[in-house]
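**Q** I would like the atomic coordinates for the input below:
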Amino acid sequence: MTTSVAAVLADAAARRPDHPAVIHDSEHFTYGWLWDQARRYASLLRADGVRPGDQVAVLLADTPRFPIAYFGVLAAGAVAVPLSVLSTAAEIRHVLTDAGLRFLATDNSSLPQAEEAAERLGTVLLAVDPDNAENTDPIDGFESRAPDDVAVVFYTSGTTGKPKGVMLTHRNIMHNVEGMITTPYAFRSDDVLLGCLPLSHGFGQICGMLTGFRAGISIVLMSKFSGRDALALMAEHRCTVFMGVPTMYFGLLDAVHRGGPVPDLDRVFSGGSALPVKTLDDVRSTFGCPVYEGYGMTETSCSVAYHYPGLPFRPGTVGVPVNDVTVGITLPNAGGIELLPVGEVGEIVVSGPTVMAGYLGRPDLTAEVLVGGWFRTGDLGRLDDDGYLSVVGRKKDLIVRGGYNVHPREIEEVLVQHPAVAQVAVIGVPHLALGEEVWAVVVPARPEDVTSGSGDEIVEWARKRVAAYKYPRRVEFTDALPTGPSGKVLKRLLVSKYE
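**A** The predicted structure is shown next:
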């Protein structure tokens, strides 16, 4: 069997050529137009020397130009390497060098950092401009690829060091897309999704764009997220579905609190990192619709477990494994896989057809995480008797205080219930006697909540609610928590700042 992720757009264009695929700046771009433009761009790529199997970096904002270039690359039989437009020239250069990339697709908005990054590397810059492709004949269809050929290489956000390339095959991505349309997303032909997740990231690209296009829905693109603008767009275009990471939900709730319109949403989905139970309840009551939290990562084609319509809801969990995915819990520091009994906390391991092919050019790192048919996620969690998965936190974020294990998420769930706490990250700061001490970095609900004694008050509040070795001994206030391109909080930066 041969296929291509390009078939997602090709099939949608054949079924619904006149239906809006993308809405941007109040303009509607149909599936037929988008596929025509992608095939024209594939023709230009061929003329510039791109051949099947070549890797092409895609450095574009979330506008119609992204799917044009992305599907153009795939239609030409090449491999897409999406990059965040927030990347610096040095970060882009790292990817170009690490992957040995010869081609970089971009437009004028990202041209300065692209040129600086490509300088002296011999990288060919490929312009993405639909106006320039009008006189170009589109290719016929798309290049067919083998299921185990690499389709996309995602460079991780670097939360644990230098970004590395995650190789996802056509089989990986298509299996995830086909399954997620019905469970958990339950897309209908008249759904309208607010596409505020970066298309350069797996959540926005695979769960949002690809699954949405496979279902033939309309996606409203916004290049830069803000709670106020997101509410306005959802109201204007009558969005029925929202997907976001926790920081986006904090922004939406704040915007509503400030008087923003409440859109008539049918359902919302959360991923990327743990959504505090209090925030989940606030979102559900504010928008009057169910909230389905899930869990996944780039290495698993972005989906591992989810709540979904018809599944009994269990707050504090991320649902059950999806889409032929098997989840286990193993001893965190064992060389092999030693599965633990139900209810015990350990490292989450995953197997199934959505698990990556490996890290590009890094067989050593690949061998560390792909063990005995399982992928070691680096996350800690537990399974209950009914198969629901709870994520405790990152293995690297585990705090060991005086020999006791402290799971940051457990403490964060308690602290976020304090009325003065809008967001919080619990970290371990080096300590001579204890090894690590528990600190909390808090974004206050209101500026006036920060007083000379408010940190001590939060410490005392937590002390009464968790075991003596768990509560934070110090609270630091900040205007915002540092996040990566996907919206995930970068705790290593907080540790570096306060250690």
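**Q** how about low-confidence regions in the stretch 1-150 of the chain?
**A** For the stretch 1-150 of the chain, the stretches flagged by pLDDT under 70 are 1-2.
**Q** Which stretches in it count as helices?
**A** 7-15, 31-47, 65-75, 89-99, 111-118 (DSSP state H, counting those that start in this stretch).
**Q** okay, the residue nearest the centre of the chain: pLDDT?
**A** Nearest to the geometric centre of the chain sits Phe203, at 3.6 Å (Cα atoms, centre = their mean). At Phe203, the predicted lDDT confidence score is 94.
**Q** residue contacts, Val268?
**A** Listed by Cβ atoms under 8 Å, 6 or more residues apart in numbering, the contact set of Val268 reads Val241, Phe242, Met243, Gly244, Val283, Phe287, Cys289, Pro290, Val291, Tyr292. In this view, the C-beta of every residue, glycine as well, is placed from N, C-alpha and C.
**Q** That should have said Val342, apologies.
**A** Arg382, Leu383, Asp384, Asp385.
**Q** On the three-state scheme, the residue nearest to the centre of the chain is what?
**A** helix (DSSP: H, G, I helix; E, B strand; the rest coil).
**Q** For the residue nearest to it when sequence neighbours are not counted, grab the count of nearby residues.
**A** If the residues on either side of it in the chain are set aside, Phe203 comes closest to Leu197, at 5.1 Å by Cβ to Cβ, 6 or more residues apart in numbering. Residues near Leu197, counting by other Cβ atoms under 10 Å, number 28.
**Q** Next: Val22.
**A** Val22, neighbours per other Cβ under 10 Å, totals 25.
**Q** I'd say it and Ile68 touch.
**A** No. Contact criterion Cβ atoms under 8 Å: Val22 and Ile68 do not qualify, at 9.6 Å.
**Q** so what sits against both of those two?
**A** Joint contacts of Val22 and Ile68 (Cβ under 8 Å, 6+ apart) are Leu34.
**Q** Could you chop this structure up by domain?
**A** 7-224, 398-498 (automatic domain parsing).
**Q** who wins for neighbours among the contacts of Val342?
**A** Leu383 (24 neighbours).
**Q** Now Glu347. Nearest residue, chain neighbours left out?
**A** Per Cβ to Cβ, 6+ apart, closest to Glu347 is Pro332, 4.3 Å.
**Q** Go through the helix or strand where Val429 lies and flag the buried ones.
**A** Per DSSP states H and E, Val429 falls inside strand 421-431. By neighbour count with 16 or more other Cβ atoms under 10 Å, strand 421-431 contains the buried residues Val421, Ala422, Gln423, Val424, Ala425, Val426, Ile427, Gly428, Val429.
**Q** for stretch 288-308, same thing?
**A** 289-308.
**Q** Over to stretch 15-26?
**A** Arg16, His19, Pro20, Ala21, Val22, Ile23, His24.
**Q** Switch those over to a markdown table, and while doing so, append distance to Gly453 to every line.
**A** What follows is the buried residues of stretch 15-26, written out as a markdown table (distance: Cβ to Cβ, whole Å):
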| residue | distance to Gly453 |
| --- | --- |
| Arg16 | 60 |
| His19 | 58 |
| Pro20 | 54 |
| Ala21 | 55 |
| Val22 | 51 |
| Ile23 | 49 |
| His24 | 48 |
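**Q** Between those residues, which sits nearest Leu365?
**A** Nearest to Leu365 among those, counting by Cβ to Cβ, is Val22 at 35.7 Å.
**Q** State the distance from Arg362 to Val166.
**A** 10 Å (Cβ to Cβ, to the nearest Å).
**Q** ok, those two, which is more surrounded?
**A** Val166 (23 against 14).
**Q** could you give the angle of the strand or helix carrying the more buried one to helix 89-99?
**A** Using DSSP H and E, Val166 maps to strand 165-169. Interaxial angle of strand 165-169 relative to helix 89-99 (axes from the mean of the first three to the mean of the last three Cα atoms, to 10 degrees): 60 degrees.
**Q** got the buried residues for whichever helix or strand comes after strand 165-169?
**A** Remark: after strand 165-169, the chain's next helix or strand is helix 170-180, criterion DSSP H and E. Residues of helix 170-180 classed as buried: His170, Arg171, Asn172, Ile173, Met174, His175, Asn176, Val177, Gly179, Met180 (neighbour count, 16+ other Cβ under 10 Å).
**Q** Closest to Glu412 out of these?
**A** Distances from Glu412 to those, taken by Cβ to Cβ, are shortest for Met180, at 27.7 Å.
**Q** Could you find the closest non-adjacent residue to the closest one?
**A** Thr211 is the one closest to Met180 (Cβ to Cβ, 6+ apart), at 5.0 Å.
**Q** Report how many residues lie close to the one you found.
**A** 25.
**Q** go on, the one 3 residues further on?
**A** The burial metric for Arg214, expressed as a neighbour count using other Cβ under 10 Å, is 20.
**Q** Could I get the contacting residues of it?
**A** Taking Cβ under 8 Å, 6+ apart as the test, what Arg214 contacts is Val8, Asp11, Ala12, Val177, Glu178, Ile181.
**Q** which element follows the host helix or strand of it toward the C-terminus?
**A** In this structure, Arg214 sits in helix 211-215 according to DSSP H and E. Next along the chain after helix 211-215, taking DSSP H and E as the criterion, comes strand 218-221.
**Q** Given that following strand, what are its sheet partners and their directions?
**A** strand 20-24 (parallel), strand 192-195 (parallel) (DSSP bridges).
**Q** Run through who's touching it.
**A** Contacts of strand 218-221 (Cβ under 8 Å, 6+ apart): 19-24, 28, 62-64, 191-195, 199, 208-209, 212-213, 233-234, 237, 239.
**Q** Count the neighbours of the residue nearest to Thr326 when sequence neighbours are not counted for me.
**A** In space, and not counting its chain neighbours, Thr326 is closest to Ser351: 4.8 Å by Cβ to Cβ, 6+ apart. Other residues lying near Ser351 total 19 when counted by other Cβ under 10 Å.
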